[in-house]
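J.: only the shape, not the letters, is given here:
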């Protein structure tokens, strides 16, 4: 099978690249602004083409090279907090870039399945009575990133309706794991590892601890996206959400206990967002019915793996701090109490 991963040097894309290579797929990826460590994408760098999806001629070259059976559209400005600082860049990349990809596919006359990375941020604040949120819920995003993802999905669905392109939209809820930067679990585990390495004072800076999040491991997410490429219904949108919600403060407590050195937890006002959804938790029953997917990796294992990742990286760098950084501050759940957990 021929696979094209747009955004292969991003967090999710790197896992999809590795999985496609392990299966023996004929896979090509693109890179532009990598959001993972160089060491994490070097094993497949010979399969990469540089491509900024805002520019049609670059997308055309990649489509011509790969002639894909499956396209994973992951290229995006993917940090909600950053979108407050660069709203025009966010919209240009995520909306215009999406249109360029679909125009290139249409002009090439090929018929791939296109799995489009959308977001739970499209929903915005959801009332307690509507949690876990279903795909039929109105979309009222709270920041430019969420707005851009609404537009991304609408473009994908209209290209399916009007041009017959087999678009499948994945509304991805909070996902984390090794290699991640710029979300609450990544920032917290990174800070703990830096404190342990003596690179900063033993103070764990935190944002809003009173939000609840359903969290999925990236390895479970990659499997869900592959299943959607195989079994998803074109023209449909699917939530991909963890089945358990966690209070951020409880994640902080878990990492404090896991630290190899004593540390103090302190709220940093700079880490507080202008607006922050109280609970983010999706109903994944449509995905599960269509594909048989179920979450397999518990959050405690994810956090342990992330701590190990940062500890290994800092040790290999000898304490140097020259890794790429996201430009955004970090992100701060029956009815929504269904399988809510405060124990990791």
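T.: Received, thanks. Here the structure is a predicted model, which means the values were calculated and not measured. Numbering: from 1, shown residues only.

J.: next helix or strand past the lengthiest helix in the chain?
T.: Using DSSP state H to define each element, the chain has its longest helix at helix 144-163. In the C-terminal direction, the helix or strand that comes right after helix 144-163 (DSSP states H and E) is strand 166-172.

J.: now that next one against helix 144-163, angle please.
T.: 160 degrees (axes from the mean of the first three to the mean of the last three CA atoms, to 10 degrees).

J.: now the residue of the chain most remote from its centre, what's its secondary structure?
T.: Largest separation from the mean C-alpha position in the chain: residue 262, at 31.1 Å (CA atoms, centre = their mean). Assigned with DSSP: H, G, I helix; E, B strand; the rest coil, residue 262 falls in the coil class.

J.: I'd guessed it sits against residue 202; true?
T.: Yes. Contact criterion CB atoms under 8 Å: residue 262 and residue 202 qualify, at 6.3 Å. (Each C-beta comes from the backbone N, C-alpha and C, glycine too.)

J.: tell me where this structure has helices.
T.: Applying DSSP H to the chain gives helices spanning 11-23, 38-41, 56-66, 80-85, 87-91, 97-108, 144-163, 184-196, 218-231, 248-258, 285-291, 299-316.

J.: lowest average pLDDT across these?
T.: Mean pLDDT is lowest for helix 80-85 among these, at a mean of 90.

J.: residue 210 touches residue 251, doesn't it?
T.: No. With contact defined as CB under 8 Å, residue 210 does not reach residue 251; the gap is 12.0 Å.

J.: before we move on, the earlier item: which of the helices of the chain sits closest to residue 74?
T.: helix 11-23 (4.7 Å; CB to CB).

J.: any idea which of the helices of the chain gets closest to residue 270?
T.: Proximity to residue 270 (CB to CB) singles out helix 80-85 among those, at 10.9 Å.

J.: show me which positions of that closest one end up buried.
T.: Within helix 80-85, the residues that count as buried by 16 or more other CB atoms under 10 Å are 80-84.

J.: next one: stretch 134-144
T.: Across stretch 134-144, burial judged by 16+ other CB under 10 Å covers 135, 137, 139, 141-144.

J.: ok, stretch 16-28 next?
T.: For stretch 16-28, the neighbour count (16+ other CB under 10 Å) marks 16-21, 25, 27-28 as buried.

J.: of those, just say which sits nearest to residue 197.
T.: Distance to residue 197 across the buried residues of stretch 16-28 (CB to CB) is lowest for residue 18, with 27.1 Å.

J.: list the residues that contact the closest one.
T.: Residue 18 is in contact with 43-44, counting by CB atoms under 8 Å, 6 or more residues apart in numbering.

J.: the same query, at a cut-off of 10 Å, please.
T.: Shown in contact with residue 18 (CB atoms under 10 Å, 6 or more residues apart in numbering): 8, 27, 40-41, 43-44, 219, 222.

J.: coming back round to it: among the helices of the chain, which comes closest to residue 131?
T.: helix 285-291 (13.8 Å).

J.: give me the pLDDT value at residue 341.
T.: pLDDT for residue 341: 39.

J.: got TSV for the buried residues of helix 80-85, with distance to residue 274 too?
T.: Shown next, in TSV, are the buried residues of helix 80-85 (distance: CB to CB, whole Å):
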residue	distance to residue 274
80	11
81	9
82	13
83	11
84	7
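
J.: residue 92: which of those is nearest?
T.: Using CB to CB, residue 83 is the member of the buried residues of helix 80-85 that sits closest to residue 92, with 11.5 Å.

J.: was I right to think the closest one contacts residue 92?
T.: No. In this structure, residue 83 is not within contact of residue 92 by CB atoms under 10 Å, at 11.5 Å.

J.: spit out the residues that contact the two alike.
T.: 77, 148.

J.: ok so, going back, distance of the residue farthest from the centre of the chain relative to residue 204?
T.: As judged by CB to CB, to the nearest Å, residue 262 and residue 204 stand 11 Å apart.

J.: find residues that contact each of the two.
T.: Listed contacts common to residue 262 and residue 204 are 195, 256; contacts here mean CB under 10 Å, 6+ apart.

J.: neighbours of residue 215, how many?
T.: 28 (other CB atoms under 10 Å).

J.: hmm, residue 280 and it touching each other?
T.: Yes. Between residue 215 and residue 280 there is a contact under CB under 10 Å: 9.2 Å.

J.: identify the contacts common to the two.
T.: 173-174, 241-242, 245, 333.

J.: take those residues and write them to a markdown table, including distance to residue 112.
T.: Below are the shared contacts of residue 215 and residue 280 laid out as a markdown table (distance: CB to CB, whole Å):
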| residue | distance to residue 112 |
| --- | --- |
| 173 | 25 |
| 174 | 28 |
| 241 | 26 |
| 242 | 29 |
| 245 | 35 |
| 333 | 36 |
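
J.: identify, from these, the entry nearest to residue 34.
T.: Checking those against residue 34 by CB to CB gives residue 174 as the nearest, at 21.6 Å.
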